[in-house]
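Enquirer: Pasting the sequence and the predicted model now:
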Amino acid sequence: MVKLKVPSLQHLSRIWHPEPKVIARTLIALTRNSPTFSYAPLYDAVRDMCLFKIPYQDVIRGFEQRIQRKQVRDNFVGLMPLISEYFEGAHPTFFQDITPRLYPVGRDLQIPFNPPFLFGSENGICFPWLIFWKKNPLTGQRLSLFATVVDNVLLQDPDLDTAKFQLVDFSAPGPKFSRELRVVDASLVPRVSAAELREMLGVFAEGYKLAMAEFVRDMHENGRSSNRRIDYDQNQLGLFD
């Protein structure tokens, strides 16, 4: 049975649109046309390297042994020098795991907030958000939405409320360019107001509700959840591009 996926905070921000119907179409497309790979193993590998001191070369060997698809394996291995560059430049003295939690978006809808960790250095506590998408669309209003929600979560946690929030972006600057490391001080990102945040989250919740209603209709019409594939709108975003 195909179930409508609840996006993470990062994905919610990425697919946000001022029209609920557009959000609904994107959620349905991403559920019925699931991405063929996930960056979750890369997040896990970075956590292992930082939290548990797994050597860099062991991480690379792990990808080579466990990731069967060459394109995905090369993607992960190619990212590792940039990941290493970031942490070598930050000079961390310790790492600390962060407990996953849920953030309420609307009635009966909560999204997962699951950052990898925080670390300390001579410059204080840092909360890095790693963005592995090759094409990073978190700009403008979407980026402001994302940063505002992260602020709200950090302020609720005494271990995080004084941490320096960084966006660690590993995307390519253009279609013909290689990935680059770009570290953004999130304090420089404009935030949305409380009223704007309520409205934007309300729009997303409405889009999710519309998508869920279509899935229910499909089950009633077909007697089971529909596996019908639908084409992506050219303006829609691939989940892991």
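Expert: Arrived safely. Residues are numbered from 1 along each chain as shown.

Enquirer: any idea how far the one helix or strand residue 166 maps to is from the chain center?
Expert: Residue 166 is part of strand 164-169 when elements are defined by DSSP states H and E. Centre-to-centre, strand 164-169 and its host chain are 13 Å apart (CA atoms, centre = their mean, to the nearest Å).

Enquirer: How about residues contacting that strand?
Expert: The contact list for strand 164-169, computed with CB atoms under 8 Å, 6 or more residues apart in numbering, reads 86, 123-131, 136, 138, 147, 150-151, 154, 181-187, 189. Placement of C-beta: from N, CA and C, glycine included.

Enquirer: Just the buried residues of these.
Expert: By neighbour count, with 16 or more other CB atoms under 10 Å, those hold 86, 125-131, 136, 138, 147, 150-151, 154, 181, 184, 186, 189 as buried.

Enquirer: Can you tell me which of those residues end up in helices?
Expert: 86, 147, 150, 151, 154 (DSSP state H).

Enquirer: Check those and tell me the two furthest apart.
Expert: 86 and 151 (22.0 Å; CB to CB).

Enquirer: Does anything pack onto the helix or strand containing residue 211? Which helices or strands?
Expert: For residue 211, the element it lies in under DSSP H and E is helix 194-222. Contacting helix 194-222 under the criterion 3 or more CB pairs under 8 Å, 6 or more residues apart in numbering; DSSP states H and E are the following elements: helix 20-32, strand 101-106, helix 140-155.

Enquirer: Leaving out the residues flanking it, which one is nearest to residue 101?
Expert: Nearest residue to residue 101, sequence neighbours excluded (CB to CB, 6 or more residues apart in numbering): residue 113, at 5.2 Å.

Enquirer: ugh, wrong one, residue 173
Expert: Leaving aside its chain neighbours, residue 173 sits nearest to residue 180 (6.2 Å; criterion: CB to CB, 6+ apart).

Enquirer: burial of the one you found, as a residue count?
Expert: 11 (other CB atoms under 10 Å).

Enquirer: quick one, phi/psi of it?
Expert: When read as degrees, to the nearest 10, the backbone of residue 180 gives phi -140, psi 160.
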